[in-house]
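Colleague: What follows is a predicted structure for the sequence shown.
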Protein chains: 4
Amino acid sequence: MKAIQKTSAQPGLTFTTNALMPKINSPTEVLIKVRATAICGTDVDIYKSDEDLARRMAKALPVIIGHEFCGEIAEVGKAVKRAKVGDYVSAEMHIVCGECYNCRTGNGHWCINTSVKGIDDDGCFAEYVVVPEYNIIKLPEDLPEDVAAYLDAIGNAMHTMSTIQIASRRIAILGAGPMGIMAAKIAKLCGAIEVLITDVNPMLLKVAAQNGADHVFNVSNPDERKAFIEICRKDPTRRGVDAVVEMSGHPTAYEDLFECVRMGGEVALLGLPRHPLSVNFTRHVVFKGLTIRGITGRRMFDTWFRMLGLMQAGLLPTLKEIVTHHLPLEDFQKGFDIKLKGDGLKVVFKP
Amino acid sequence: MKAIQKTSAQPGLTFTTNALMPKINSPTEVLIKVRATAICGTDVDIYKSDEDLARRMAKALPVIIGHEFCGEIAEVGKAVKRAKVGDYVSAEMHIVCGECYNCRTGNGHWCINTSVKGIDDDGCFAEYVVVPEYNIIKLPEDLPEDVAAYLDAIGNAMHTMSTIQIASRRIAILGAGPMGIMAAKIAKLCGAIEVLITDVNPMLLKVAAQNGADHVFNVSNPDERKAFIEICRKDPTRRGVDAVVEMSGHPTAYEDLFECVRMGGEVALLGLPRHPLSVNFTRHVVFKGLTIRGITGRRMFDTWFRMLGLMQAGLLPTLKEIVTHHLPLEDFQKGFDIKLKGDGLKVVFKP
Amino acid sequence: MKAIQKTSAQPGLTFTTNALMPKINSPTEVLIKVRATAICGTDVDIYKSDEDLARRMAKALPVIIGHEFCGEIAEVGKAVKRAKVGDYVSAEMHIVCGECYNCRTGNGHWCINTSVKGIDDDGCFAEYVVVPEYNIIKLPEDLPEDVAAYLDAIGNAMHTMSTIQIASRRIAILGAGPMGIMAAKIAKLCGAIEVLITDVNPMLLKVAAQNGADHVFNVSNPDERKAFIEICRKDPTRRGVDAVVEMSGHPTAYEDLFECVRMGGEVALLGLPRHPLSVNFTRHVVFKGLTIRGITGRRMFDTWFRMLGLMQAGLLPTLKEIVTHHLPLEDFQKGFDIKLKGDGLKVVFKP
Amino acid sequence: MKAIQKTSAQPGLTFTTNALMPKINSPTEVLIKVRATAICGTDVDIYKSDEDLARRMAKALPVIIGHEFCGEIAEVGKAVKRAKVGDYVSAEMHIVCGECYNCRTGNGHWCINTSVKGIDDDGCFAEYVVVPEYNIIKLPEDLPEDVAAYLDAIGNAMHTMSTIQIASRRIAILGAGPMGIMAAKIAKLCGAIEVLITDVNPMLLKVAAQNGADHVFNVSNPDERKAFIEICRKDPTRRGVDAVVEMSGHPTAYEDLFECVRMGGEVALLGLPRHPLSVNFTRHVVFKGLTIRGITGRRMFDTWFRMLGLMQAGLLPTLKEIVTHHLPLEDFQKGFDIKLKGDGLKVVFKP
């Protein structure tokens, strides 16, 4: 079958038409025919052979990458109960052990034995993919494939926003990529008073302004960056926003976040800094009484219910707008070039 | 009256018998005759003219230091309602504005206009001190003065421990000073399965072992430090303790904390690092799904109720044991020498 | 001055032009000139000399009733800090003791010594009213007086909705009076997927349908009542709404609430049943794993911040629409007749 | 094999030596050889042919009853991963669907399709029982069989206590059967200041007094009942205990609970009233600001981890003491007679 593989530790990816069809190995697995799949930031890092990822993937090569998708069930294992051939589905691609303490207490997103399809094992940039039935999410028939193609990413944004208080709050979002834009819209749909967002890319800030952000700041401009902090702190009874959502991983965003949040505020960290960062814990964390949460994956499967619910409550138009490019799987290079140049938001492939 | 003052930006403190008696300036204040008062780590930093504190105090000098004490009400303002002359009391020495958002929503410990008596204004290393009635805590008559002398510090430990789940949990505490020892005992009284504590001072570790700590580790020894991490991670279904309490401010403790905590664990930060610290947020916070809370002050006045309650539930003997030295106020230098050498736990002065 | 008083245990109220001007008795109080004030359901019960209220008020008669209002500060006590003459304000009319455990731990709405102005003491159906500065809420200058007149009631709805999870949830509201309508709109503004509301008054249901309710049910019609339960339970994976908000106090609503909520659902009770009600706790509460919260007053002052915030986020138009009648204070009888007949929503008086 | 069955709608149970050995029907199930099993209150109700249970079980008769046990794995299905023949285990006997919203969001104890082994299907009063591997809990080898025999019940108490705040709190427990006694001990182990417990059986109250209860009240004596309420309300700043745990299902306990709890207190309901009860919701729930939680089952599997953890923290001696009788399965009648007469706490059978 057609697939995009990482075949070596070198930058780049390989398109093949000769990938082996995946097989159902356990009676509780299902085979899915992929309808649409999307590029995630992690895929770009894999393309670039990011050091940590390259090391992690070395033992699995060649591996079909991709972990955001929707499709149709093509075959079910013998012990499968809910899923039926023909079902329109997506899947959580974090494969969890089901045995560790976190798995056994409803916190599978913190499984200590997680493996991720598309990184540690074959993923969905292909015609077919196999996943455990447990990981399958049945989708409403009318959910556009374009949106269903990147539920994994929507779930990251949804999970992040579920960890902070939103209603009647002022929220700052650092980073206006697809994650930040979704976060802005989610905040507005859930009753935020004011949503402020920063980035260095005017195109992204423009989309954010049309999708929930009340104020956008191009922080490559020192004056706008200063204005951002000042507007965050304008309320003399709070001197800072109630919550900050970090979605860029940039060192300067980490500087801004401690300046823009109020005493006792909440911080959610989803962005991935490339290097260790230096923080004045005494002044910025201890004395400020902050609560900081690292966000990984999606709650299984609470986050999935929440995001499908919020689509009914008004999130869908933003999600459609975020898909800026459609390409056949063969044109994967074009898709990655768009992401590498920062020219688009979500790039969706149809195998 | 007698008092200990900070009089200049130079290290050291000054004892005087000529300090002005404080006066009730507002009808809602009370005057308290100090019975006992204790040295806090912050007082040691003031003694040493720590840079941040020296800068902060420059405008207030000379200032009577000290912010942990108990005493007896000597006089009450005209609008005072609850407090009566003769009442045995302590007081929250964080003076909050009552007007900011945090004050008006039950989170006065995050007041954006806090001033601290004993730092920003005259404190309690003296015969008398004035505080707002709002800040007064009435004490049970049978509470030993020695313990009542440092409720502020007990409250720091109590507040810290109130932010994490304890019952049925394994807890690591980094730093076995008075704070760490109290935290260990609180953890055991509240149902912790196992309490592990680290320090570099064998005397402190010994007291911790007698007051709730199941395992103590002298992390100045690399083997013990390694053993600490290994024992924290020994449960193969969790690979880390459920919560870590940082009470040392040491850079190596910050290294250890991210190693010893499990995926999805809780971190409470009370210790004050002297310098910014470098953290691998991607690996240690985001991917690990940690919740990190900076702890400042005491909840007004929930923490005070909790600590008085927990004394009834068994905390009192540990609190008595922690007071290792009693001195008249005149011998303040002796008291500070003990703390500077790390020879004692709590030093209590009687004015 | 002009005022409306309860003067005896008999039904009805009395208008007077000879009421004594209230005086500042404590240095921490302020005198407010009332601009607008609104009829609450409790006022209607006082008018009718409801048994419990009549007994409670017997000792205080004659008393000026009314506890929802806005106005302008006319005079301030000597120890007043924040408030200034001329400030546009409203006030929390629950006067709390500041001394009990709940008051001292940020839960003044649960004060065990609460007295309510307009019930236990003179209220705001008058030209002037005196309240402690602590209870004052400063209002934005552009907040319409009509809306500011009934912030107390808006706060009841806001407080109720703050106790349940709303985003991505299906919510049923029982009772479509002003409380239910506000609850419906708040739910939609905070990300509810679907809001269902019941009442027996078609006019109210119509307003609800225009202000956030997705489905309205006239439960005086047995078929509609049945349909309500069925639609609540339509999702075969939940069999019930996620949360129910009871705002009617009607016995049939209490029957419906246990039928329409899912296993593990949340219930918020604000309505006041006139008589004890019989509940099958085994089947409906224990086995169903419900969480039921009784709601009283407003959080001091978190609820006030939240409702002012949510007005900025879109609540204001609904709040304006809810005011259906304006009358001079003299025409109080007309106002109460409207409420007694169920012909209007909020009736606002201008003294 | 040997088993105790419910064979008809008549009161009583039947011992047989000819029950069919249960078989593994799905590759994910395991067969367990029962080592010890205990009588639960529900089993007594089944014995008595309680109306609701008789109706529920009518379609399944004859059914082997019993749902509390420990044993050794005798055989595993082909898709079983964790469990191995010989493992010492217990099991959650609530069989959940894994597909409903609650199951998919970590709240399987609220599964809308739960079936209970020992009620809806064959249980563990037998030599062997089959359960899904998912439901298996591996036990430490040194856990006494007597205690392991009733982990299901221990879990009910643990789950109940996990829903309220305990540390530094005063707790009232209504009902001093095994549940109430375990609750009392758990409360003390987790930092309760004071535990008060009521019952009408002096023997039970005596055991409670030796296992964590600070005060016991025989509420069959009106003076003691009055004293109970008074002592609960003795603190003039709270006028009630912080939390009440209802474990009797008695109507008088429901009267007491609303009297003994403070404003804003917490209520956990585990006892099963036989009939609907009348409650003054206005006075006792709404105005009092209570939070009431119905408790069903055990969290899967958080509660199981917590109770095993708390055994290490000191719960074990109480759990051993609660087992008052051991009998061979053949003598089931003797065991039920003990429970019917209220002469014992836990009765353990060895098949």
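Modeller: That came in fine, so what should we check first? The structure presented is a predicted model; accordingly, all values stated were derived computationally and were not measured. Numbers count the residues shown, from 1 in each chain, chains lettered A, B, ... in the order given.
Colleague: So for the one residue in the stretch 201-350 of chain A that gets nearest to chain C, what pLDDT did the model give?
Modeller: In the stretch 201-350 of chain A, the residue that lies nearest chain C is residue A:309 (3.4 Å; C-beta to the nearest C-beta). No exception for glycine: its C-beta is placed from N, CA and C like everyone else's. Model confidence at residue A:309, expressed as pLDDT, equals 97.
Colleague: Strands along the stretch 151-300 of chain A, start to end?
Modeller: A:170-174, A:194-199, A:215-218, A:241-246, A:261-269, A:277-279, A:291-294 (DSSP state E, counting those that start in this stretch).
Colleague: Looking at those strands, which is nearest to chain D?
Modeller: That would be strand A:291-294 among the strands of the stretch 151-300 of chain A, by C-beta to the nearest C-beta, at 17.6 Å.
Colleague: Which elements pack onto the closest one?
Modeller: strand A:261-269, strand B:291-294 (3 or more C-beta pairs under 8 Å, 6 or more residues apart in numbering or on different chains; DSSP states H and E).
Colleague: shaky segments in the stretch 151-300 of chain A?
Modeller: Along the stretch 151-300 of chain A, segments meeting pLDDT under 70 are nowhere present.
Colleague: now residue A:19: how far from residue A:40?
Modeller: According to C-beta to C-beta, to the nearest Å, residue A:19 stands 20 Å off from residue A:40.
Colleague: more neighbours, the two?
Modeller: Neighbours were counted for residue A:19 and for residue A:40 using other C-beta atoms under 10 Å in any protein chain shown; residue A:40 has more, 23 against 20.
Colleague: Test my guess that the more buried one contacts residue A:152.
Modeller: Yes. Between residue A:40 and residue A:152 there is a contact under C-beta atoms under 8 Å: 7.0 Å.
Colleague: Residues that sit against both of the two, list them.
Modeller: Common contact partners of residue A:40 and residue A:152 (C-beta atoms under 8 Å, 6 or more residues apart in numbering or on different chains): A:67-68.
Colleague: which helices and strands sit right next to whatever helix or strand the residue of the stretch 201-350 of chain A closest to chain C lives in?
Modeller: Per DSSP states H and E: residue A:309 is located in helix A:302-310. The contact analysis (3+ C-beta pairs under 8 Å, 6+ apart) places helix A:302-310 against helix A:151-162, helix D:101-104.
Colleague: Recalculate using a threshold of 6 Å.
Modeller: Helix A:302-310 sits against helix A:151-162, with contacts defined as 3 or more C-beta pairs under 6 Å, 6 or more residues apart in numbering or on different chains; DSSP states H and E.
Colleague: ok and the helix it packs on relative to strand A:261-269, angle-wise?
Modeller: 150 degrees (axes from the mean of the first three to the mean of the last three C-alpha atoms, to 10 degrees).
Colleague: is any part of helix A:151-162 close to chain B?
Modeller: No. Shown here: helix A:151-162 not in contact with chain B (C-beta under 6 Å from any C-beta of the partner chain), separated by at least 10.0 Å.
Colleague: what does that helix contact?
Modeller: Outside helix A:151-162, the residues within contact range by C-beta atoms under 6 Å, 6 or more residues apart in numbering or on different chains are A:40, A:67-68, A:90, A:179, A:182-183, A:186, A:245, A:268, A:270, A:295, A:298-299, A:303, A:306-307.
Colleague: Single out the residue in the stretch 101-250 of chain A that lies closest to chain C.
Modeller: Closest point on the stretch 101-250 of chain A to chain C, by C-beta to the nearest C-beta, is residue A:168, at 3.4 Å.
Colleague: was I right about that residue contacting residue C:309?
Modeller: Yes. When contacts are counted by C-beta atoms under 6 Å, residue A:168 is listed as touching residue C:309 (3.4 Å).
Colleague: just the residues of the stretch 151-300 of chain A that are near chain B, which are they?
Modeller: So the stretch 151-300 of chain A meets chain B at A:237-239, A:263-264, A:269, A:272-273, A:276, A:278-282, A:285-294, A:296 (C-beta under 6 Å from any C-beta).
Colleague: in the stretch 101-250 of chain A, which spans are helices?
Modeller: Here the stretch 101-250 of chain A has its helices, by DSSP state H, counting those that start in this stretch, at A:101-104, A:145-148, A:151-162, A:178-189, A:202-209, A:222-232.
Colleague: outside of the second one, which residues touch it?
Modeller: When you say that, I think you mean helix A:145-148. Helix A:145-148 is contacted by residues A:35-36, A:70, A:90, A:139, A:319, A:323, A:348 when judged by C-beta under 6 Å, 6+ apart.
Colleague: Point me to the residue of the stretch 1-150 of chain A nearest chain D.
Modeller: residue A:106 (2.4 Å).
Colleague: Skipping adjacent residues, who's closest to that residue in space?
Modeller: residue D:106 (2.4 Å; C-beta to C-beta, 6 or more residues apart in numbering or on different chains).
Colleague: got a list of contacts for the helix holding residue A:309?
Modeller: Residues contacting helix A:302-310 (C-beta under 6 Å, 6+ apart): A:137, A:154-155, A:158-159, C:168, C:193, D:105.
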